[in-house]
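Asks: sequence first, then the predicted structure, then my questions.
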2 protein chains.
Amino acid sequence: MSEQQTVWVNLGERSYDIEIGSGNLAQTGPFVAGLRRLTHAIVVTDVNVEDPHAAAVADSLAAAGAEVDVMVVDSGEGAKSIDMAGELWQRLLEAGADRKSIVCAVGGGVVGDLAGFVAATFARGIPFVQVPTTLLAQVDSSVGGKVGVNLPGAKNMVGSFWQPLGVLIDTETLSTLPEREYRAGLGEVVKYGVILDAPFFDYLEKNVDAINARQPEVLRHVIARCCRLKADVVERDERETTGLRAVLNYGHTFCHAIEAVAGYGEYLHGEAVAIGMICASRLAESLERVDSDFTARQAGLLQQLGLSTATPDLDRDLLLAAMGRDKKVEHGKLRFVLPSQMGHVELVGDVPPELARAAFA
Amino acid sequence: MSEQQTVWVNLGERSYDIEIGSGNLAQTGPFVAGLRRLTHAIVVTDVNVEDPHAAAVADSLAAAGAEVDVMVVDSGEGAKSIDMAGELWQRLLEAGADRKSIVCAVGGGVVGDLAGFVAATFARGIPFVQVPTTLLAQVDSSVGGKVGVNLPGAKNMVGSFWQPLGVLIDTETLSTLPEREYRAGLGEVVKYGVILDAPFFDYLEKNVDAINARQPEVLRHVIARCCRLKADVVERDERETTGLRAVLNYGHTFCHAIEAVAGYGEYLHGEAVAIGMICASRLAESLERVDSDFTARQAGLLQQLGLSTATPDLDRDLLLAAMGRDKKVEHGKLRFVLPSQMGHVELVGDVPPELARAAFA
């Protein structure tokens, strides 16, 4: 097995490790057994990930001595529902789960959010472990403890903050990830460089070919760095109370508007983030916070990583109206997370709507 | 307004006050406004409590400047369901609730558990305040942070630990409480004396007439003492991890068996607790931990407070089998919380089933 990297997320008694390796999926059993006495594990996964990834995890947990139940849900955002949570709670009850059982989520963000919420609320909270198998989930959902399901018309509206016991990431799960999903994950990766880490942005620029080739060594570094950067933010604002966590939303106000107006599912989240970052950067230009080279540099990297940065042909009035419904709006004033230099962003209030509209370009 | 008593529940950043008065329901607005900026309050109540108690609370919150939504659920254990939680989540969304809104639960344990769970999970957790209006809820549910709903066949199986911002108790809400519900609450009151506080047990014996007459001054003292005693336990075992919280389950293994075999709803919880305590005390006798006077003293007080202490005519084999399904069973061995002297109980393992069976008498 290749060299591993470990990111420690420091949240007091809720601290945990993220283990990042290549070909380490079969080590899930020993990894979990090292965290907590392992007698009963419930693997939650979706139909796309069940074979071979979830099966490998289940085998490894069984080999480590656990009784293992595997629960398979539909793939896609539709599985993040109260109905599906209700079904899983009932199945946990039937499987005899209790606070000594461990839920192990194997899949993308949907599986992690759903399984995490079910773990957070079954018997008032049972331990869970994340094994994210998409790039987006590896660099985003595996840090922060946000779990939950959607209400009709309102994403992530029901949920908890529930930290995992540990996270295990195997970059080999990315080798079979569909091209489009892989590239979408890279949108969030670039975001971390822009908002928090100029040298990391440089590193991404210098390693475009290796990243596009999904080279394990480079992937391990990229994922570990993103997890570390997100952990630095989450450690200082675990429950989203200080406002600090807002920096993670760079590009997201534009992104959410594009997703909503295009219709959910039309764009993958990371694809819309890439476009949204460029819109936000243009807005920062018009507020004279950055110059046009700054925007061009981001667009160049995103395009080299196979992401489009052009705003789609959607009605600008609808996009502006959708931004007005964003969570960051207060008393009708638009607020944006905007860069001032590479590796640094700030929350900027009272942005004139006409500038925001123009930033869609 | 009469003299108030305040119990401080010390849980670090989750600490809160319990205000206990008589005729203070109309002070809910200023009380809540003193805890958090009050702009939007959602009063959750049931059809029995809506008028006049919840209406008085809503008026008081509105007078303190809040926009107020009132959500009324069915009365009874059936309302503690995932379906009802789903309906409330949806209604909170439609009411525009966010993390600046405050959920105010006005009612008995069912309303508090349901509304608390909905608050714990809406938008990953919004603040809530409890205004318990039954004696059982005032001395039990208002301390401890346990919130949740039932699964079919499994009480409280889905939930969270979610501490309130504060608790306001008005003993006048007890003046209209049905006799049987009031007496059931006294079962839990007596329990606190037996498990934790011999002088409090003496006090109850000396004040039987005042308690039966629901005298406000005595009620304030009784409720404050029970809240303090429970808080002492919860402060040392907030999330039920050290085992200390188990002492609160004195009588409950027998109680749960009686409730299950008689059929849920046949006995009020406090009624079954009273019988269960006497069974547990008899078991302690047979293990030579206490003498028969000890049991007789508890039975005497419970009877003076209008509670039956006789085991109902239920099949003893079914009762014993039901105890085998209790959460405190480990590897088929029966464990009980048993007294050794007034004000002190211990968790006793490895109890022979025939002694447990005989203790039903």
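Replies: Structure received.

Asks: ranges for the helices of the stretch 101-250 of chain A?
Replies: Counting by DSSP state H, counting those that start in this stretch, the stretch 101-250 of chain A has helices at residues A:109-121, A:135-136, A:179-196, A:198-206, A:208-212, A:216-236.

Asks: tell me the buried residues in the longest one?
Replies: Just to be clear, that refers to helix A:216-236. Of the residues in helix A:216-236, A:216, A:218-231, A:233-235 count as buried by neighbour count, 16 or more other Cβ atoms under 10 Å in any protein chain shown. No exception for glycine: its C-beta is placed from N, CA and C like everyone else's.

Asks: what parts of chain A come near chain B?
Replies: By Cβ under 8 Å from any Cβ of the partner chain, the residues of chain A that approach chain B are A:82, A:86, A:89-90, A:93, A:98, A:120-125, A:146, A:148, A:151-154, A:156-161, A:239-240, A:327.

Asks: inside strands: which ones of those residues?
Replies: The members of the residues of chain A next to chain B that map onto strands under DSSP state E are A:146, A:148, A:151, A:154, A:156, A:157, A:158, A:159, A:160, A:161.

Asks: what's the ChimeraX syntax to select whichever of those residues are buried?
Replies: To isolate the buried subset of those in ChimeraX, counting by 16+ other Cβ under 10 Å, use the following:
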select /A:146,148,151,156,157,158,159,160,161
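
Asks: can you tell me which of the ones in strands among the residues of chain A next to chain B is closest to residue A:343?
Replies: residue A:146 (24.0 Å; Cβ to Cβ).

Asks: for the helices of the stretch 101-250 of chain A, give me JSON lines that also has mean pLDDT.
Replies: Compiled in JSON lines, the helices of the stretch 101-250 of chain A are given as follows (pLDDT from 0 to 100):
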{"stretch": "helix A:109-121", "mean pLDDT": "97"}
{"stretch": "helix A:135-136", "mean pLDDT": "96"}
{"stretch": "helix A:179-196", "mean pLDDT": "97"}
{"stretch": "helix A:198-206", "mean pLDDT": "98"}
{"stretch": "helix A:208-212", "mean pLDDT": "98"}
{"stretch": "helix A:216-236", "mean pLDDT": "97"}
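
Asks: now the ones you listed in TSV, with distance to residue B:287?
Replies: Converted to TSV, these look like this (distance: least, Cβ to Cβ, whole Å):
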stretch	distance to residue B:287
helix A:109-121	38
helix A:135-136	59
helix A:179-196	61
helix A:198-206	66
helix A:208-212	69
helix A:216-236	50
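
Asks: so for residue B:187, which of those helices sits nearest?
Replies: Nearest of the helices of the stretch 101-250 of chain A (Cβ to Cβ): helix A:109-121, 29.3 Å.

Asks: and the closest one, how far out from the chain middle?
Replies: 13 Å (Cα atoms, centre = their mean, to the nearest Å).

Asks: that helix vs strand A:154-161, what angle?
Replies: Orientation check (axes from the mean of the first three to the mean of the last three Cα atoms, to 10 degrees): helix A:109-121 against strand A:154-161 gives 40 degrees.

Asks: which strands and helices lie in contact with helix A:109-121?
Replies: strand A:40-46, helix A:82-94, strand A:101-107, strand A:128-132, strand A:146-151, strand A:154-161, strand B:154-161 (3 or more Cβ pairs under 8 Å, 6 or more residues apart in numbering or on different chains; DSSP states H and E).

Asks: now do it against strand A:128-132, angle only.
Replies: Inter-element angle recorded for helix A:109-121 and strand A:128-132: 180 degrees (by the same axes, to 10 degrees).

Asks: rewinding a little: now the helices and strands packed on helix A:109-121 as CSV including distance to residue B:208?
Replies: Output for the helices and strands packed on helix A:109-121, formatted as CSV (distance: least, Cβ to Cβ, whole Å):
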stretch, distance to residue B:208
strand A:40-46, 49
helix A:82-94, 43
strand A:101-107, 46
strand A:128-132, 50
strand A:146-151, 50
strand A:154-161, 45
strand B:154-161, 32
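
Asks: okay, residue A:267 and chain B: tell me how far apart.
Replies: When distance is defined by Cβ to the nearest Cβ, to the nearest Å, residue A:267 is 24 Å away from chain B.

Asks: no wait, residue A:107
Replies: For residue A:107, the distance to chain B (Cβ to the nearest Cβ) stands at 21 Å.

Asks: how many other residues sit next to that residue?
Replies: For residue A:107, the number of neighbouring residues by other Cβ atoms under 10 Å in any protein chain shown comes to 31.

Asks: what residues go with each domain of chain A?
Replies: Here the domain parsing of chain A from automatic domain parsing is A:5-176, A:179-358.

Asks: compare the mean pLDDT across the ones you listed and name the weakest.
Replies: When these are compared by mean pLDDT, domain A:179-358 comes last with a mean of 93.

Asks: next, the distance between the ends of it.
Replies: Domain A:179-358 has an end-to-end distance of 32 Å (criterion: Cα to Cα, to the nearest Å).

Asks: now do the same contact list for residue A:201.
Replies: A:190, A:193, A:194, A:301, A:342, A:343 (Cβ atoms under 8 Å, 6 or more residues apart in numbering or on different chains).

Asks: if we go to 7 Å?
Replies: A:193, A:194, A:342, A:343 (Cβ atoms under 7 Å, 6 or more residues apart in numbering or on different chains).

Asks: hang on, the earlier thing: of the helices and strands packed on helix A:109-121, which approaches residue A:22 most closely?
Replies: Among those, the nearest to residue A:22 by Cβ to Cβ is strand A:128-132 (14.0 Å).

Asks: for the closest one, packing partners?
Replies: Here strand A:128-132 touches strand A:101-107, helix A:109-121, strand A:166-170, going by 3 or more Cβ pairs under 7 Å, 6 or more residues apart in numbering or on different chains; DSSP states H and E.

Asks: next up, phi/psi of residue A:124, please.
Replies: Here is the backbone geometry of residue A:124 (degrees, to the nearest 10): phi 60, psi 30.

Asks: tell me what the nearest residue to it once chain neighbours are set aside is bridged to.
Replies: Take residue A:124 and drop its neighbours on the chain: the residue closest to it by Cβ to Cβ, 6 or more residues apart in numbering or on different chains is residue B:159, 4.7 Å away. With DSSP bridges as the criterion, residue B:159 is bridged to residue B:148.
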